[in-house]
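Novice: requesting a structural model of the entry that follows:
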Amino acid sequence: MVKYKEQNIIYTLKYGGYATKKQKIIILVVPSILVILGIIISVLMLLYKENIWLGMIIGLIGVIILVPIIFALIVETKNDKEISIWITDENLIKTTAISWKYDTDYSGIHRRHKFGVEFNVESDTIKKVSLRYDVFYKSIKDKEIEILYSPKYDEVMILESKQ
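Specialist: Coordinates of the predicted model:
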């Protein structure tokens, strides 16, 4: 998660939402520990020649689970680097915006929304739309939100509220 002057950037219209550090630990560390334990158990089973096939299956499942976790870490790190570049824009603007629903996707368990934000820069009104469908819009619906706008990169970042 990238910070801007002690405020977390919790969402970008390009990449979507961010998990908090606590959520990241739960999402990434707990499954990783379970996977590593599974791999250790499978290696021990192979060494002691106990249920060799079961050990191989447990190890394979562990590796299959570990690959997306590592991929998610790599993608998140890449996104953080790009966002860190956006906030170095010398013309970066911190302002407030109003959100509005752009479209709704009814597939799956939750209704997911693509949404837009509208804000003013000098005398111009700018409207930007998120690239993804997700449930984040529910948390900012009917609220004034703080955003960062990088004119150089044409990117909008939503800041965590100070409440």
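Novice: going forward, measure contacts and count neighbours with C-alpha atoms only.
Specialist: Noted.
Novice: for the residue nearest the centre of the chain, report the pLDDT, please.
Specialist: The centre of the chain sits closest to Tyr18, judged by CA atoms, centre = their mean, with a distance of 3.4 Å. Model confidence at Tyr18, given as pLDDT, is 71.
Novice: thought it was touching Ile10?
Specialist: Yes. Using CA atoms under 8 Å, Tyr18 makes contact with Ile10 at a distance of 5.1 Å.
Novice: max-length helix in this protein?
Specialist: Ordering each helix of the chain by length in residues (DSSP state H) puts helix 52-86 first.
Novice: helices or strands up against that helix?
Specialist: When contacts are defined as 3 or more CA pairs under 8 Å, 6 or more residues apart in numbering; DSSP states H and E, helix 52-86 sits against helix 30-47.
Novice: shaky segments in the chain?
Specialist: Residue ranges of the chain with pLDDT under 70: 1, 19-21, 23-24, 52, 55, 59, 163.
Novice: please state the offset of the longest strand anywhere in it from the chain centre?
Specialist: With DSSP state E setting the assignment, residue counts place strand 93-105 as the longest strand in the chain. In this view, strand 93-105 has its centroid 17 Å away from the chain centroid, taken as CA atoms, centre = their mean, to the nearest Å.
Novice: buried residues, it. List them.
Specialist: Neighbour counts using 16 or more other CA atoms under 10 Å place 94, 96-100 of strand 93-105 among the buried residues.
Novice: so what's the gap between stretch 96-108 and the chain middle?
Specialist: Here stretch 96-108 shows a centroid-to-chain-centroid distance of 17 Å under the convention CA atoms, centre = their mean.
Novice: list the contacts of that stretch.
Specialist: 111-120, 129, 133, 137, 140-147 (CA atoms under 8 Å, 6 or more residues apart in numbering).
Novice: of the residues you listed, grab the buried ones for PyMOL.
Specialist: A single PyMOL command is used to select the members of the contacts of stretch 96-108 judged buried by 16+ other CA under 10 Å:
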select buried, resi 112+113+114+115+116+117+119+129+133+137+145+146+147
